[in-house]
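**Q** Build me a model:
(chains A, B, C and D)
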2 protein chains.
Amino acid sequence: MIERTARPIPLKKNEITDRTVGRLVAYRRLLQGLEEAGAALISSKMIGDMLGIKSSQVRKDLSYLGEFGKRGVGYSVPRLLNDLSSILAPFARWRIGLVGLGRLGEALLGHSAFRSDDYEIVAAFDVDGAKIGRSFAGWKCYSMTGISETIRELGISVLMITTPAAASQSAVDAALAGGHIKGILNFSPVSLTVPQGVEVNDVDISVELEKLLFRLKFNDQQRKVSAGLETNMVQ
Amino acid sequence: MIERTARPIPLKKNEITDRTVGRLVAYRRLLQGLEEAGAALISSKMIGDMLGIKSSQVRKDLSYLGEFGKRGVGYSVPRLLNDLSSILAPFARWRIGLVGLGRLGEALLGHSAFRSDDYEIVAAFDVDGAKIGRSFAGWKCYSMTGISETIRELGISVLMITTPAAASQSAVDAALAGGHIKGILNFSPVSLTVPQGVEVNDVDISVELEKLLFRLKFNDQQRKVSAGLETNMVQ
DNA sequence: CCATGTGAAGCCTTTCACAGCT
DNA sequence: AGCTGTGAAAGGCTTCACATGG
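**A** Here you go, the predicted structure:
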């Protein structure tokens, strides 16, 4: 993979939103494929169509970061990819610890989505004595006892939490004790309490499934109501 | 677990948003814990504090579905739990197929978040001949060949996609051929194209991680800038 | 003539603030 | 007095539409 240099984020607005960042990551991924395929130019319309987004949204997102396109022409694929990569690149490669070596944790260790120049998982943690000291998919499992020291020693500043709900808060409390953790990606279905200044991003898989299922239920009902098969009255 | 009856959704507004549904699921989960702990009453303020949400947001969400509380008192925990459960309950238990038995797929099969009265995973699918016919965490793996027939036979109407990016679209095309699939929870990092009427919810784990990391980078930069160690100029 | 970059409009979500009931 | 339910205000995000430049 080509090395890109990190640089300060030259924002035109004071704040760039999470939603925009999510799309920037998607643009980068799309452009990586296009570059490999040898594409030289791309328009905001094409990007939007491939990702299911309006072209104006693509242009707005990119405009927060500078002027990358040529009017009447479009964007240079390699140039835009390079600019997006350097904007998204960290100052130094993030070192991530995974807390909770259950099924999900183990799956994330080996997940292809977690191969990146921007970050690397450097260790896993679990309470299970049978796992401690062993390696999983190439990563060593450390004890939860002394986790904050291990975090300091290994230079970890980000955690992924895949512990069972009941264990998550106490695991986080122990891990944050040393003050080295800056951010948490939380897969456990609880709302974590953390000190001021620590960022948390929740990824709640069962909530995402339920959101989908509710839309489906609502669709079904609409279909039935409009077909006159059922009424929509309060019971 | 107590059986709750599904009922038509008696909406006060014409449309209930995804965001609200996500929070309703979180409220239900919280109330399950509270009920087990024997709590009888709860206020919107308490719910909000426990989930990191404003009390007005909690009341607004609940108000879309009816009037469940008593002014001056709060909400009855068992009553609210029951109402939320019946609102979220499907007409019939959703039958889900998992497509792609890699690490992530296998982790989801056994994931505790996927034990629910609302849905059940009934089968897994993969292209790997070594996996087909075998059982994984109790679920049988079927071939991708003939997937649309298997979907019909097993009464599957929802898919979870955990295939590698390059395989996802063709797997989805094959699976949707019979017209039985109504919704897809897509874990693969691609934007899927589906026929009109099929709902897709994307869960992009690496995007979620990158969103967190970008916030951290931005925080770092802000700290440096305000400490006068670095400027924020465009390169 | 084509596609970007961007104010302004439109839409959606959250928060406020208070009337209304217990 | 306390807490819900809810219009209205505020805030945030997306889309429009067009001036701008190639």
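**Q** what about the strands in chain A?
**A** With DSSP state E, the ranges of strands along chain A come out as A:41-42, A:69-70, A:74-76, A:94-99, A:119-126, A:135-136, A:139-143, A:158-161, A:183-186, A:199-202.
**Q** ok, now which ones touch residue A:208?
**A** Contacts here follow Cβ atoms under 8 Å, 6 or more residues apart in numbering or on different chains; on that basis residue A:208 touches B:22, B:185, B:201, B:203. C-beta here means a position set from N, CA and C on the backbone, and glycine is covered the same way.
**Q** looking at the strands of chain A, which is buried most?
**A** Most buried of the strands of chain A by mean neighbour count (mean count of other Cβ atoms under 10 Å in any protein chain shown) is strand A:158-161; its value is a mean of 26.
**Q** Give me the contact list for it.
**A** Strand A:158-161 has contacts (Cβ under 8 Å, 6+ apart) with A:94-100, A:105, A:108, A:119, A:121, A:168, A:171-172, A:175, A:181-188, A:192, B:209, B:212-213, B:216.
**Q** ok, back up a step: need the strands of chain A in JSON lines (columns: distance to residue B:16 and mean pLDDT).
**A** Below are the strands of chain A laid out as JSON lines (distance: least, Cβ to Cβ, whole Å; pLDDT from 0 to 100):
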{"stretch": "strand A:41-42", "distance to residue B:16": "37", "mean pLDDT": "98"}
{"stretch": "strand A:69-70", "distance to residue B:16": "39", "mean pLDDT": "95"}
{"stretch": "strand A:74-76", "distance to residue B:16": "38", "mean pLDDT": "98"}
{"stretch": "strand A:94-99", "distance to residue B:16": "35", "mean pLDDT": "98"}
{"stretch": "strand A:119-126", "distance to residue B:16": "37", "mean pLDDT": "97"}
{"stretch": "strand A:135-136", "distance to residue B:16": "42", "mean pLDDT": "94"}
{"stretch": "strand A:139-143", "distance to residue B:16": "42", "mean pLDDT": "97"}
{"stretch": "strand A:158-161", "distance to residue B:16": "30", "mean pLDDT": "98"}
{"stretch": "strand A:183-186", "distance to residue B:16": "26", "mean pLDDT": "98"}
{"stretch": "strand A:199-202", "distance to residue B:16": "21", "mean pLDDT": "98"}
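**Q** if we can go back for a sec, what is the most widely separated pair among the contacts of residue A:208?
**A** Distances among the contacts of residue A:208 were taken as Cβ to Cβ; the most separated pair is B:22 and B:185, at 13.5 Å.
**Q** Could you report the distance from the residue of chain A found nearest DNA strand D to residue A:43?
**A** Across chain A, the shortest distance to DNA strand D (Cβ to the nearest atom of the strand) belongs to residue A:72, at 2.8 Å. Relative to residue A:43, residue A:72 is positioned 10 Å away (criterion: Cβ to Cβ, to the nearest Å).
**Q** between those two, which one's more packed in?
**A** Under the criterion of other Cβ atoms under 10 Å in any protein chain shown, the comparison of residue A:72 against residue A:43 puts residue A:43 first, with 15 against 5.
**Q** give the contact list for that one.
**A** A:55, A:74, A:75 are the contacts of residue A:43 under Cβ under 8 Å, 6+ apart.
**Q** ok, the residues you listed vs DNA strand C, which is closest?
**A** Lowest distance from DNA strand C to the contacts of residue A:43 (Cβ to the nearest atom of the strand) belongs to residue A:74, with 4.2 Å.
**Q** who's in contact with that closest one?
**A** Residue A:74 makes contacts with A:41, A:42, A:43, A:44, A:46, as judged by Cβ under 8 Å, 6+ apart.
**Q** Chain neighbours aside, what residue packs nearest to the last one?
**A** The one in question is residue A:46. Nearest in space to residue A:46, with sequence neighbours left out and distances taken as Cβ to Cβ, 6 or more residues apart in numbering or on different chains, is residue A:74 at 7.9 Å.
**Q** where's the one you found relative to residue A:55, distance?
**A** For residue A:74, the distance to residue A:55 - Cβ to Cβ - is 11 Å.
**Q** Overlap in contacts, these two.
**A** A:43, A:44.
**Q** hang on, the earlier thing: restrict the contacts of residue A:43 to those near DNA strand C?
**A** Taking Cβ under 7 Å from any atom of the strand as the test, DNA strand C is in contact with A:55, A:74, A:75 out of those.
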